[in-house]
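1. Sequence and predicted model, in that order:
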Amino acid sequence: GENVEQHPSTLSVQEGDSAVIKCTYSDSASNYFPWYKQELGKGPQLIIDIRSNVGEKKDQRIAVTLNKTAKHFSLHITETQPEDSAVYFCAASGKNSGYALNFGKGTSLLVTP
Amino acid sequence: GAGVSQSPRYKVAKRGQDVALRCDPISGHVSLFWYQQALGQGPEFLTYFQNEAQLDKSGLPSDRFFAERPEGSVSTLKIQRTQQEDSAVYLCASSRPRGLVGDTQYFGPGTRLTVL
């Protein structure tokens, strides 16, 4: 089945700096890659997603890049703010995994003022 | 509009007890998913419904776990004879009406189950 690896597990940046989280996946048939933000005591919230027919997608301070050949995708957050502090999860899905999302283990991001 | 809701938010059970966890998906969403999230880990898929049909239950860890969605809206995840290893947050998600692979999944707040 699909295996998603996520790095780093923790990340601390100063307010205003950029943060980058990287994920790799194993199943070349995967074609959908969402990123979720999870705050303490809450469910995951989708922040951005990308499908395999594009290499990059941007939404204000958040961008995601996808390299299908290398089977990795990354989340970039620019101009970080303290409210960006949370756990971020990458996920992958495709026809071989049916409708299920396969999640990485998460990155705990801390943005210090 | 209203998002995915789950109840109860917290459940404490003694080992061996049965529990039932409820999920109310976003109105009109045909697809419903259950995930289990252990402490410090990412969510792991348990089962998937399209309307009332359970199309995939490959992630259910044992036959003590059972899920249903009899009328194609509200779903219940039941765990019989709970064990300590069942302690986790149980997340429900629903996706928009197309019901296709790659549809955005919207998550509820989860039910935190603690088995003593």
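-> Noted; the coordinates are in hand. Residues are numbered from 1 along each chain as shown, chains lettered A, B, ... in the order given.
2. Go through the helices and strands of chain B and name the one with the lowest mean pLDDT.
-> The helix or strand of chain B with the poorest confidence is strand B:53-56; it has a mean of 92 (mean pLDDT, DSSP states H and E).
3. Does chain A have contacts with that strand?
-> Yes. Applying Cβ under 8 Å from any Cβ of the partner chain, one finds strand B:53-56 touching chain A at B:Leu55, B:Asp56. All C-beta atoms are positioned from the backbone trio N, CA, C, and that covers glycine.
4. Now that strand: buried residues?
-> By neighbour count on 16 or more other Cβ atoms under 10 Å in any protein chain shown, the buried set for strand B:53-56 is B:Gln54, B:Asp56.
5. One more: stretch B:34-47?
-> Neighbour-count burial for stretch B:34-47 flags B:Trp34, B:Tyr35, B:Gln36, B:Gln37, B:Gly42, B:Pro43, B:Glu44, B:Phe45, B:Leu46, B:Thr47 (criterion: 16+ other Cβ under 10 Å).
6. For chain A, which residues are neighbours of chain B?
-> Residues of chain A that fall close to chain B, judged by Cβ under 8 Å from any Cβ: A:4, A:6, A:31-32, A:34, A:36, A:41-46, A:49, A:51, A:89, A:91, A:93-95, A:98-106.
7. And those, which of them are buried?
-> For the residues of chain A next to chain B, a burial check counting by 16+ other Cβ under 10 Å picks out A:4, A:6, A:31-32, A:34, A:36, A:43-44, A:49, A:89, A:91, A:93-94, A:99-106.
8. who in chain B is up against chain A?
-> So far as Cβ under 8 Å from any Cβ goes, chain B lies against chain A at B:4, B:31, B:33, B:35, B:40-45, B:48, B:55-56, B:58-59, B:91, B:93, B:95, B:101-102, B:104-110.
9. was I right about B:Gln83 contacting B:Val115?
-> Yes. B:Gln83 is within contact range of B:Val115, at 6.4 Å (criterion: Cβ atoms under 8 Å).
10. Quick check: neighbours shared by the two?
-> B:Arg15 (Cβ atoms under 8 Å, 6 or more residues apart in numbering or on different chains).
11. Neighbour count for these two, which is higher?
-> B:Val115 (19 against 14; other Cβ atoms under 10 Å in any protein chain shown).
12. Show me the shaky parts of chain A.
-> Low-confidence segments of chain A (pLDDT under 70): none present.
13. Where does it get nearest to chain B, which residue?
-> With Cβ to the nearest Cβ, the shortest gap between chain A and chain B falls at A:Phe103, namely 3.2 Å.
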